[in-house]
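Colleague: Predicted model, plus sequence, below.
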There are 2 protein chains.
Amino acid sequence: MSSNKMERTIYLEDVPRKEALRQLLHHFRTPREVEWVPTIKALGRVTAEPIYAHLSMPHYHASAMDGIAVRAEETFGAHEQRPKQLVQGESFEYVDTGDPIPAGYNAVIMIEHVRELAEGRVEIIEPATPWQHIRPVGEDVVSGEMLLPQGHVIRPVDQGALLAGGILSVPVVKKPVVSIIPTGSELVQPTVDVTPGQIIEFNGTVFAGYIEQWGGSPRYYGIVKDDPEQIKAAILECAETSDIVVLNAGSSAGSEDYTVHLISELGEVFTHGVATRPGKPVVLGKVGDTPVIGLPGYPVSAYLTLEWFVQPLICQYLGLTVPSRAKLDVTLGRRLVSTMGSEDFVRMNIGYVNGKYIANPLTRAAGVTMSLVRADGLLIIPSESLGYEQGEKVTLELYKPVETIRKSILFSGSHDLSIDLLSSLIKERDQDRQIISSHTGSMAGLMAIKKGEAHVAGIHLLDEQSGMYNVPFVRRYLKDQDVVLVRFLQREQGWIVPKGNPHHIHSVRDIVEQNLLYVNRQRGAGTRILFDALLAEHDLSSDDVRGYGREMFSHLNVAAAVKEGTADVGLGIYSAAKALDLDFVPVADESYDLLMSREFYESEGGQLLLDVMVSEAFKIQIEQLGGYKVKDIGQLIPLL
Amino acid sequence: MSSNKMERTIYLEDVPRKEALRQLLHHFRTPREVEWVPTIKALGRVTAEPIYAHLSMPHYHASAMDGIAVRAEETFGAHEQRPKQLVQGESFEYVDTGDPIPAGYNAVIMIEHVRELAEGRVEIIEPATPWQHIRPVGEDVVSGEMLLPQGHVIRPVDQGALLAGGILSVPVVKKPVVSIIPTGSELVQPTVDVTPGQIIEFNGTVFAGYIEQWGGSPRYYGIVKDDPEQIKAAILECAETSDIVVLNAGSSAGSEDYTVHLISELGEVFTHGVATRPGKPVVLGKVGDTPVIGLPGYPVSAYLTLEWFVQPLICQYLGLTVPSRAKLDVTLGRRLVSTMGSEDFVRMNIGYVNGKYIANPLTRAAGVTMSLVRADGLLIIPSESLGYEQGEKVTLELYKPVETIRKSILFSGSHDLSIDLLSSLIKERDQDRQIISSHTGSMAGLMAIKKGEAHVAGIHLLDEQSGMYNVPFVRRYLKDQDVVLVRFLQREQGWIVPKGNPHHIHSVRDIVEQNLLYVNRQRGAGTRILFDALLAEHDLSSDDVRGYGREMFSHLNVAAAVKEGTADVGLGIYSAAKALDLDFVPVADESYDLLMSREFYESEGGQLLLDVMVSEAFKIQIEQLGGYKVKDIGQLIPLL
């Protein structure tokens, strides 16, 4: 931590992304380097000039059939009733497919049409036309012919044509070398053993993967500490030896963000700050003739900005167009707010429900790598927009094939670890199908089914009056809809506490009386409803509970808060406590059931879900998680 | 060449392709092997089981901003008019983004909102809410959370999430080893120096490229002679050490086609012959538990059958769905005939003309690798169809992005080497644009413009009456259409003859009088029209010319026939003679001009074509070809 706050005087610009890119590309119209590679190793490379054939293919007149070579003139008049006899070595020769046509012959008769009379003597019953069943020289490739234009990405079949044309090596554009310099004193190489304050350096691996996929040659420089002299040395060395340099992070305006200062000192800065969310703190510049790009540290920001600025630089070097993603029109399942003046990039999940593609945003936090892992598509909200209303139509860029998205099972509602297991087992049966889940809580899940925005909702809603789970809520909110409620799991809810239960918590009263720090779930979550019911049972109010206002969106996040010691206790399921090696004090068994429209229930996807749910494989995995009872799973729960 | 014809008794089956595939896949539901690879090397690999996080990310409560860590309770009431003072070490600590929150603190105030009074003393003017600007443990990844399901193809961003979750190595499905055994005594390794009867072995390289792209691990065995014992040894060795074995060729029913005999001897044959054109002679079988696939030798047949049978085997092994190609509805520019009873696979060129996608077939010969190189898409004619009429709508599978196809310039008409040069230069200016040319001859080109089936036609049509080129034909056939004729090249036509012009050919009379063997061009070709005009000029008829009936589709093919000695002379352009190192006797200078609709001429593509045509780069390349005069190029020729 720096105590010198005097350098915090730089402010970021708000340059439109496309304008920043235009300027960047404009600065680097340098001639690309060419290298010769053996044709057999040229797969995926880009031709640097047009390639002409050296040889013809075939390079001799070749028989196109197994049969006999003849002189067509000598076959004229042959007929079923008046066969012609031919003599080997005089008027015919045997040829197999690919054999050269012996000198003096000009047609081939298929062996099936030849009657063999004796050794060296045959009979034919139809005439041959000149050149029939002969592949003339150059039928495929003629010497001197252009096989490939410049700027062509070589495919396997192109390698075949090149080799057929006698081209054993090809001039291709050199892969631009992209150096990756991770900076940060807090960074450590990937490990399973970290201490607080250490951050695992994984952005560099992700960059390297994309750079390779885009046709560049990534070079990982290794972690550099937050020391301006060391970073300067790294930039200078890489600018000398690479075609593009990527620095990560230190691109913002903080006290240890040296990138912009160092690039201006060593070269020139074109842009510092683009009008995007996330991705704003980016530095675009050059040192010598080498583009140097400073990317922000948060993973999502880093990968988006890499794509915006480094991919086009690589493509420009190779002479290729930046490939565009497939697009899809979707209906927004939720309202989305955006700030005027900057483009917003929102990772989205998509599902095909009731004949419509419904899209919902994943978390917009730039630090959440999993939001990109889980995303089906990307919504770009233009800088002049304030966002979109629920139900509006928008166009997304797709991260996955639309076939896969169309088969996804859209899950809403309460979070449970078993849903991921179901998804993985479904994918095992049908590679293109999986569960896309958003952890919205039971009530939101129920409403998503009501509004036709999800296929399945996981709900565990305790009705205080009747003490019954789920059925009263379905009756109340979905009375006119044709839905089914499928028995899923009985699961234990309980107090998630540190190992040994140091505060001896056994009831909600223990929490309130000791004034312990609680960690809560979001509004509408079944677990929160249960907690409220427990409070009511003991005549307590939410005001009596310290930490009631701190909301988490999943059982695992509640458990993580307890594990870290920022809460003394939370309410949640056994498997979450177990996953983080915490103790668990059972409070109640609850019914965690699956709500779906009858239409989905009867569909291929619904039946596959049912099949997997009742499978032995699922039961075994559920037992390993612990804290569940499997009884009557897959059966329909009467709603009337 | 074998003389033992007694083995030619096997007949090929006509098994429907999909049925053959179903049977094949059904035989190989063996458990796949799993291997552990370092996460940083796992790009593109397929997870063998669900992957759960070991670590949370962040694994400590981290500051999300540069600023100060505070206790939220101590900031309540802070206001512009009533600032609160905080003391470093007592009530605040400086934190940078990513720093751990010091023990006892529970919120972060951004540095921009902090007023620094003196060393160690600050003032704040708004309260903090608990947990603001803090990334709680597990915000991104929670320990125990499923990061990836099984069967997931690992992308760069997934590598990031895995490393963030403390996963340093991952269980992935082993890449299936696919052995490639090229067989044939005529095969030689790629070379520039071949003798008649030798065939360059390039299929193996093409197979290896596709197998790698599909996720397999290709292993090239090396060429095996047509000797059953040697082939048998190769099959046995590869069946032992690989997951899939590919033999090429020898899969048909000829005397040296050993594949089917050897596989039945060593194991089992499921299918010999599928109902497709091309690709019929395929052998599907197994030796031990290893699938052994015999593929036909012709390149197009070989690559199609590889895709039909080997790609699904690889995908099944990996647990992936075979990816499907994008599709496009097109209008057929030509009639297409197909045989009932077998599926037909036709390589097609596609252009976007007058608001319609027009598709034309490339050659259907299975030996023509270039037909796949040049193809934009593939038409599959079902086995029960007799083909399609011109103008019918059909659906193609695309080999190229539709954006590229949409920008292609569709060229029809007379063949000239300069068109390939134009295309390569156009691609240099706009990577997504190129010329797709079909060599149909001048008259067919003119008709294609008339019918709106091409953007540009290259024509050199001599009007015998007037002695004028092109203009009379455009006036006659396109009188009501808004077309333009653009001056292109003056080119020399002449006699293409062997080096030294051994028959002293100077006029058409020399050919007829010596009864020399001529090689002709197809009907409607400008060169043929010129030849006919030369005959007429000398009062000769086509019956006087030996070889008049042998038709070639390009200047290069005519030159190749002369080069090979299967013709004594042909008529063609200088650059073709030069490319094959032949002699050339000039006969006439002709106008080779470009005909196009005014709409195309004025479009972006048309103007780019014009720009390139008049460029210095094009002129230099044209001079290198030789035999052309460049005068008034790019100017409009008056048509009235």
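Modeller: Ah, there it is.
Colleague: Excluding covalently adjacent residues, which one is nearest to residue A:478?
Modeller: In space, and not counting its chain neighbours, residue A:478 is closest to residue A:450: 5.4 Å by C-beta to C-beta, 6 or more residues apart in numbering or on different chains. Glycine gets a C-beta too; all of them are placed from N, C-alpha and C.
Colleague: part of a strand, is residue A:317?
Modeller: No. If the criterion is DSSP: H, G, I helix; E, B strand; the rest coil, then residue A:317 is helix and not within a strand.
Colleague: So which elements touch the helix or strand containing residue A:346?
Modeller: Using DSSP states H and E, residue A:346 sits in strand A:343-353. For strand A:343-353, the packing partners by 3 or more C-beta pairs under 8 Å, 6 or more residues apart in numbering or on different chains; DSSP states H and E come out as strand A:276-277, strand A:327-332, strand A:356-361, helix A:369-374, strand A:377-381, helix A:402-407, strand A:409-413, strand A:435-439.
Colleague: So which of those is the most surrounded?
Modeller: Mean neighbour count (mean count of other C-beta atoms under 10 Å in any protein chain shown) peaks for strand A:409-413 among these, with a mean of 29.
Colleague: okay, the angle between it and strand A:343-353?
Modeller: 110 degrees (axes from the mean of the first three to the mean of the last three C-alpha atoms, to 10 degrees).
Colleague: returning to what we had before: partner strands of the strand holding residue A:346, with direction?
Modeller: Using DSSP bridges, the strands paired with strand A:343-353 in its sheet are strand A:276-277 (parallel), strand A:356-361 (antiparallel), strand A:377-381 (antiparallel).
Colleague: does whichever residue of the stretch 201-350 of chain A sits closest to chain B sit in a helix, a strand or a coil?
Modeller: Nearest residue of the stretch 201-350 of chain A to chain B: residue A:209, at 2.9 Å (C-beta to the nearest C-beta). Put simply, residue A:209 is helix when judged by three-state DSSP.
Colleague: Save the strands paired with strand A:343-353 as a markdown table, and put in distance to residue B:433 and mean pLDDT too.
Modeller: Shown next, in a markdown table, are the strands paired with strand A:343-353 (distance: least, C-beta to C-beta, whole Å; pLDDT from 0 to 100):
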| stretch | distance to residue B:433 | mean pLDDT |
| --- | --- | --- |
| strand A:276-277 | 30 | 96 |
| strand A:356-361 | 32 | 94 |
| strand A:377-381 | 26 | 98 |
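Colleague: so which of the helices and strands packed on strand A:343-353 gets nearest residue B:490?
Modeller: strand A:327-332 (47.6 Å; C-beta to C-beta).
Colleague: What pairs with the closest one, parallel or antiparallel?
Modeller: Each strand paired with strand A:327-332, and its direction, by DSSP bridges: strand A:356-361 (parallel), strand A:393-398 (antiparallel).
Colleague: Give me the distance between the helix or strand following it and the centre of its chain.
Modeller: Using DSSP H and E, the helix or strand that follows strand A:327-332 in sequence is strand A:336-337. Averaging C-alpha positions (C-alpha atoms, centre = their mean, to the nearest Å) puts strand A:336-337 24 Å from its chain's average.
Colleague: Strand A:336-337 packs against which elements?
Modeller: Counting by 3+ C-beta pairs under 8 Å, 6+ apart, strand A:336-337 packs on strand A:387-388.
Colleague: Test my guess that the residue nearest to residue A:478 contacts residue A:477.
Modeller: Yes. With contacts counted by C-beta atoms under 8 Å, residue A:450 reaches residue A:477, the gap being 6.0 Å.
Colleague: Looking at the two, which has the bigger crowd around it?
Modeller: Between residue A:450 and residue A:477, counted using other C-beta atoms under 10 Å in any protein chain shown, the more crowded position is residue A:450 (18 against 15).
Colleague: In three-state terms, label the residue in the stretch 1-150 of chain A that chain B sits nearest to for me.
Modeller: Going by C-beta to the nearest C-beta, chain B is nearest to residue A:144 of the stretch 1-150 of chain A, at 2.8 Å. The assignment at residue A:144 comes out as coil when based on three-state DSSP.
Colleague: Apart from its chain neighbours, what residue comes closest to it?
Modeller: residue B:579 (2.8 Å).
Colleague: give me every residue that touches residue A:290.
Modeller: Residues counted as contacts of residue A:290 (C-beta atoms under 8 Å, 6 or more residues apart in numbering or on different chains) are A:238, A:239, A:240, A:242, A:243, A:244, A:245.
Colleague: distance between the helix or strand that contains residue A:520 and the chain's centre?
Modeller: Using DSSP H and E, residue A:520 maps to strand A:518-521. A distance of 33 Å separates the centroid of the chain from that of strand A:518-521, by C-alpha atoms, centre = their mean.
Colleague: residues making contact with it?
Modeller: Under C-beta under 8 Å, 6+ apart, the answer for strand A:518-521 is A:441, A:511, A:527-528, A:531, A:545-553, A:558, A:561-562, A:566-572.
Colleague: So what touches the next helix or strand after that strand?
Modeller: Note on strand A:518-521: by DSSP H and E, the next helix or strand toward the C-terminus is helix A:526-537. Residues outside helix A:526-537 that contact it (C-beta under 8 Å, 6+ apart) are A:414, A:441-443, A:459-462, A:464, A:493, A:507-508, A:520-522, A:541-542, A:544-545, A:555, A:571-572, A:587-588, A:590, A:592.
Colleague: neighbours around residue A:476, how many?
Modeller: When neighbours are counted by other C-beta under 10 Å, residue A:476 registers 11.
Colleague: Same check on residue A:38?
Modeller: So residue A:38, with other C-beta under 10 Å, has 11 neighbours.
Colleague: Show the contacting residues for the closest residue to it other than its chain neighbours.
Modeller: Once flanking residues are discounted, residue A:38 sits nearest to residue A:169: 5.2 Å by C-beta to C-beta, 6+ apart. Listed by C-beta under 8 Å, 6+ apart, the contact partners of residue A:169 are A:36, A:37, A:38, A:39.
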